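Participant: Could you work out the structure for the sequence below:
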Amino acid sequence: MAGRKKKLTAVNKKHLTKEEKEERENVENKATDGFGELQETPPKYFNNLARNEYRRVVKEIKKLPIRGLDRGVLEQYCVWYSVWREAYDNYKKNGIYMTRSFLSEEIWEEDGRTKKEKQVSYYTDYSRKNPAISMMADASAKIIQSASNLGLTVDSRMKIVTPEEKQESSIFDMFADDDEEDEDDD
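Facilitator: Numbering: from 1, shown residues only. Model (predicted):
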């Protein structure tokens, strides 16, 4: 679908006549009425991060013309938010670079007997970045996409549901010349 995204009548800065406002509000109501309300409780299969984000967002999102049909997009947003937070926690704990482990053996003699001790040692591999960084980038892109679809960004809230401008035209108008020429009477 080409053209500009739609704006809610309440956030539209364009000066409209009463008839235009009523028509736009009517279209907005048609786009939202008849559909079930958005469920306030998060799905049971969510982890705690996704569940908390769902509760936080659903309070505010009810002010927009978002309905039960949009729940899948909201769930997607919350899950990706949870993925981003978990990746961020991993990044905070382990840093930008990979921490690798290796098994080391220590051998020494004590009282004429040879002893071996195995232990796991860790080192930072500066040649490889932490996979959590890539996960954060992927999740961020998905969060932005879902947030935009739900109207969670200022820009997307301004562009939700506004009817297209109607242009009254007839078949005659489609084929008429703009510069009408005088007809010669022969």
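
Participant: Now do the longest strand belonging to the chain: which elements does it pack against?
Facilitator: Determined from DSSP state E, the single longest strand within the chain is strand 113-129. Counting contacts by 3 or more CB pairs under 8 Å, 6 or more residues apart in numbering; DSSP states H and E, strand 113-129 packs against strand 97-110. Where you see a C-beta, it was placed from the backbone N, CA and C, and this is true even at glycine.

Participant: Next, report how far the strand it packs on is displaced from the centre of its chain.
Facilitator: Chain-centre distance of strand 97-110: 45 Å, with CA atoms, centre = their mean, to the nearest Å.

Participant: Sheet partners, orientation included, of the longest strand of the chain?
Facilitator: Sheet pairing of strand 113-129 (DSSP bridges) gives strand 97-110 (antiparallel).

Participant: Could you say which helix or strand holds P42?
Facilitator: Here P42 sits in a region with no helix or strand, counting by DSSP states H and E.

Participant: and it, how many neighbours?
Facilitator: When neighbours are counted by other CB atoms under 10 Å, P42 registers 19.

Participant: Surely it touches R51?
Facilitator: Yes. P42 lies in contact with R51 (CB atoms under 8 Å); the separation is 4.3 Å.

Participant: which residues do the two both contact?
Facilitator: C78 (CB atoms under 8 Å, 6 or more residues apart in numbering).

Participant: got any ranges where this structure has weak pLDDT?
Facilitator: Residues of the chain meeting the criterion pLDDT under 70: 1-15, 28-35, 102-103, 107-108, 112, 160-186.

Participant: Quick check: chain neighbours aside, which residue is closest to the spatially most central residue of it?
Facilitator: Geometric centre of the chain, nearest residue: S146, 2.1 Å, by CA atoms, centre = their mean. With sequence-adjacent residues excluded and distances taken as CB to CB, 6 or more residues apart in numbering, S146 is closest to Y77, at 3.7 Å.

Participant: buried stuff in the helix or strand harbouring the one you found?
Facilitator: Assigned by DSSP H and E, Y77 falls within helix 71-94. Using 16 or more other CB atoms under 10 Å as the test for burial, helix 71-94 gives 71, 73-88, 90-91.

Participant: hang on, the earlier thing: for the residue nearest to S146, give me its contacts.
Facilitator: Applying CB under 8 Å, 6+ apart, the residues near Y77 are 53, 57, 143, 146-147, 150, 152.

Participant: mind listing which of those are in helices?
Facilitator: 53, 57, 143, 146-147, 150 (DSSP state H).

Participant: mind putting the residues you listed in JSON lines, distance to E25 included?
Facilitator: Shown next, in JSON lines, are the ones in helices among the contacts of Y77 (distance: CB to CB, whole Å):
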{"residue": "E53", "distance to E25": "31"}
{"residue": "V57", "distance to E25": "25"}
{"residue": "I143", "distance to E25": "31"}
{"residue": "S146", "distance to E25": "27"}
{"residue": "A147", "distance to E25": "25"}
{"residue": "L150", "distance to E25": "21"}
